[in-house]
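Visitor: based on what follows, work out the 3D shape:
(2 chains)
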Number of protein chains: 2
Amino acid sequence: MEGFAFDRDTRLAPAADGPAGAPAAPASSFGLEVSDRWSGLGGVNGGFMLATCVAAMGAVLPFPDPIVVSGMFLRPGNAGPAVVTAERIRAGRTTAFGQARLAQGGKEVLRATAAFSDLAAVTTEYAGMAPPKLPDPGDCDRAPGLPGITLAARFEYRTAQAPGWLAGQPSGDPSAEFWMRFADGRPADTRTLPLIVDAAAPAVLELGASSTTIELTVHVRARPAPGWLACRVTTRYVSGGYHEEDFEAWDSAGVLVAQSRQLGLVRR
Amino acid sequence: MEGFAFDRDTRLAPAADGPAGAPAAPASSFGLEVSDRWSGLGGVNGGFMLATCVAAMGAVLPFPDPIVVSGMFLRPGNAGPAVVTAERIRAGRTTAFGQARLAQGGKEVLRATAAFSDLAAVTTEYAGMAPPKLPDPGDCDRAPGLPGITLAARFEYRTAQAPGWLAGQPSGDPSAEFWMRFADGRPADTRTLPLIVDAAAPAVLELGASSTTIELTVHVRARPAPGWLACRVTTRYVSGGYHEEDFEAWDSAGVLVAQSRQLGLVRR
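Guide: So this is what the prediction gives:
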């Protein structure tokens, strides 16, 4: 989709090693200018970098939708030039697997693997959990901008009550429920969900800590219906300086569209 | 540890491309004879194959403990010869990253990535969840052997009550809590946990279905204390033929030692 920030900033330049206009070869390299519009305090957002790898894998795989994506975050990423290399590992009848590497200045920043398939027709067969119960977005608090966190300006967030950490009073309960959508009206789809699950405030802020992502796995479960996403984020266990963070995104039809878990390093 | 089935069956032959006895090079290939002792109905257990990749990555990385491992299951694995290739991606001061590929007959079966660190001293800093409450193992039901599933003979399982699926009457609730340990007395450690989280019955059996793993991510949170592991497995959402499965393993000191999530394809 053209005209939206996400699409402009994940646009991959034609592979330097292939003819312009040709379909991407099973192993292809793309140029990428990493924008400064998707950054947190620790550098470029991990979910955004993962979404660029998903775009690159999508170019070498024969199915439209990522169904599971895993990324290992090797180094902080920065605004500026990058090279994204994608590899088709295996393409089967219903599922294809790929790998991508994002490198800057000759150093690998992110290694990602993914399975792709076609999520055109998904019905819910069993639901042992339900979407967050939230007041209508219009009756919710609007999250303020955050200095230095350009990523936060790319989304609108709505919460039933302002989070404790925002007022400098962490609640001690590392969980939150909120509405979320792109600020520029870009509809969520399966290619944007790996970013969205990492684009809200870390749950451990309510423990007075922050976080650096080591690994992020995203299950994309369905193509989102138009509208707000109802989201839930929670951390249940912090030990040895590490924490997990689980994220769920539910679409306006009440369907679970993404489920993610990351392992993060606690920063105090 | 010698003398245990796990260690005999994950022993890697010296790299064909390196001198015998030398430390493994940053990129090394190892021979592996995949035993028929770790199989389910659909071939060799995914967690077992992932554990062989963890062993190979451990040989090329400078830290002892996997802290997060992700595997993409490309094809079924079978008993017989395999080659496991491991690559050191990056070794930092406290964390190192690696990748491994397991191939059989020239075809890649599993691609795994991992981060390793040192979990020698782990304390729990926040616990928003607790271990399963189970009767003492001696007061529990002993799970029977399962024809054709050699994996089940490698472990002892104890449940407060026999699962519904075992009697042909799935309960409709895809979750379970149970004790688990190696049948031959092998203590659990951080290298065995990626197997253990995938070595119990799939939760979707209680929905009258079975499962094929597409991707499995394991967070290893601590080195287990000796004794039984208290485990919890649950599936919360089935849609489009896919389900997630979450697994937790808690050691005898009440510490969370592993947390995993997999994306599986439902088989009816």
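Visitor: quick one: mean pLDDT over the helix ranked longest in chain A.
Guide: Counting by DSSP state H, the longest helix found in chain A is helix A:46-60. Average pLDDT, helix A:46-60: 98.
Visitor: which strands or helices does that helix pack on?
Guide: If you count contacts as 3 or more C-beta pairs under 8 Å, 6 or more residues apart in numbering or on different chains; DSSP states H and E, helix A:46-60 packs onto strand A:27-34, strand A:65-73, strand A:80-91, strand A:96-104, strand A:107-117, helix A:193-196, strand A:210-220. All C-beta spots, glycine's among them, are computed from the backbone N, C-alpha and C.
Visitor: CA-only coordinates of stretch A:173-188, as PDB, when you get a sec.
Guide: The C-alpha trace of stretch A:173-188 is given here as PDB (Å, rounded to 0.1, in the frame of the first residue of the first chain):
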ATOM      1  CA  ASP A 173       1.700  -5.100  37.700                       C
ATOM      2  CA  PRO A 174       3.500  -5.600  34.400                       C
ATOM      3  CA  SER A 175       0.400  -5.900  32.100                       C
ATOM      4  CA  ALA A 176      -1.800  -3.600  30.100                       C
ATOM      5  CA  GLU A 177      -4.800  -3.600  27.700                       C
ATOM      6  CA  PHE A 178      -5.300  -0.900  25.100                       C
ATOM      7  CA  TRP A 179      -6.500   0.000  21.600                       C
ATOM      8  CA  MET A 180      -3.900   0.500  18.900                       C
ATOM      9  CA  ARG A 181      -3.800   1.500  15.200                       C
ATOM     10  CA  PHE A 182      -1.500   3.300  12.700                       C
ATOM     11  CA  ALA A 183      -1.700   7.100  13.100                       C
ATOM     12  CA  ASP A 184      -1.700   7.600   9.400                       C
ATOM     13  CA  GLY A 185      -4.700   5.300   8.700                       C
ATOM     14  CA  ARG A 186      -2.700   2.500   7.300                       C
ATOM     15  CA  PRO A 187      -4.800  -0.700   7.800                       C
ATOM     16  CA  ALA A 188      -3.100  -3.500   9.700                       C
END
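Visitor: touching chain B at all, that stretch?
Guide: Yes. In terms of C-beta under 8 Å from any C-beta of the partner chain, part of stretch A:173-188 sits within range of chain B, namely A:173, A:174, A:175.
Visitor: which positions in the stretch 51-200 of chain A make contact with chain B?
Guide: A:67-68, A:70, A:72, A:74-75, A:89-90, A:95, A:97, A:99, A:108, A:111, A:113-115, A:119, A:121-129, A:173-175.
Visitor: just the buried members of those?
Guide: Buried members of these, scored by 16 or more other C-beta atoms under 10 Å in any protein chain shown, are A:67-68, A:70, A:72, A:74-75, A:89-90, A:95, A:97, A:99, A:108, A:111, A:113-115, A:119, A:122, A:126, A:174.
Visitor: direction included, what does the helix or strand of chain A with the lowest mean pLDDT pair up with?
Guide: Every helix and strand of chain A was ranked by mean pLDDT, DSSP states H and E. The lowest is strand A:141-142, at a mean of 88. Applying DSSP bridges, strand A:141-142 is found paired with strand A:155-159 (antiparallel).
Visitor: and residue A:93, how many neighbours?
Guide: By other C-beta atoms under 10 Å in any protein chain shown, the residues close to residue A:93 number 5.
Visitor: shaky segments in the stretch 151-268 of chain A?
Guide: Across the stretch 151-268 of chain A, nothing is flagged by pLDDT under 70.
Visitor: okay, strands next: where are they in it?
Guide: Counting by DSSP state E, counting those that start in this stretch, the stretch 151-268 of chain A has strands at residues A:155-159, A:175-182, A:210-220, A:229-234, A:237-239, A:242-250, A:256-267.
Visitor: now the angle from the last one to strand A:242-250?
Guide: Relative orientation of strand A:256-267 and strand A:242-250, computed by axes from the mean of the first three to the mean of the last three C-alpha atoms, to 10 degrees: 160 degrees.
Visitor: okay, the helices and strands packed on helix A:46-60 in JSON lines with distance to residue B:250 next?
Guide: As requested, the helices and strands packed on helix A:46-60 are exported to JSON lines (distance: least, C-beta to C-beta, whole Å):
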{"stretch": "strand A:27-34", "distance to residue B:250": "41"}
{"stretch": "strand A:65-73", "distance to residue B:250": "24"}
{"stretch": "strand A:80-91", "distance to residue B:250": "35"}
{"stretch": "strand A:96-104", "distance to residue B:250": "32"}
{"stretch": "strand A:107-117", "distance to residue B:250": "29"}
{"stretch": "helix A:193-196", "distance to residue B:250": "30"}
{"stretch": "strand A:210-220", "distance to residue B:250": "21"}
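Visitor: what residue lies at the spatial centre of chain A?
Guide: For chain A, the residue nearest the mean C-alpha position is residue A:195 (1.8 Å; C-alpha atoms, centre = their mean).
Visitor: ok, now which ones touch that residue?
Guide: Residue A:195 makes contact with A:6, A:38, A:45, A:47, A:48, A:50, A:51, according to C-beta atoms under 8 Å, 6 or more residues apart in numbering or on different chains.
Visitor: which of those sit farthest apart?
Guide: Across the contacts of residue A:195, the longest distance by C-beta to C-beta is 12.8 Å; it joins A:6 and A:50.
Visitor: hang on, the earlier thing: closest one to residue B:26 among the helices and strands packed on helix A:46-60?
Guide: Minimum separation from residue B:26 across the helices and strands packed on helix A:46-60 (C-beta to C-beta) falls at strand A:107-117, 13.4 Å.
Visitor: in its sheet, what does the helix or strand following the closest one sit against?
Guide: Helices and strands here follow DSSP states H and E; after strand A:107-117, the next one along the chain is strand A:124-127. Sheet partners assigned to strand A:124-127 using DSSP bridges are listed as strand B:237-239 (antiparallel).
Visitor: can you list contacts of the least confident helix or strand of chain A?
Guide: Residues outside strand A:141-142 that contact it (C-beta under 8 Å, 6+ apart) are A:156, A:157, A:158, A:159, A:160, A:161, A:162.
Visitor: same list (those) but as TSV, adding neighbour count and distance to residue B:204.
Guide: Listed next are the contacts of strand A:141-142 as TSV, based on neighbours: other C-beta atoms under 10 Å in any protein chain shown; distance: C-beta to C-beta, whole Å:
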residue	neighbour count	distance to residue B:204
A:156	17	37
A:157	22	34
A:158	20	35
A:159	20	34
A:160	15	34
A:161	9	37
A:162	13	40
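Visitor: could you identify the most distant pair in those residues?
Guide: A:156 and A:161 (16.7 Å).
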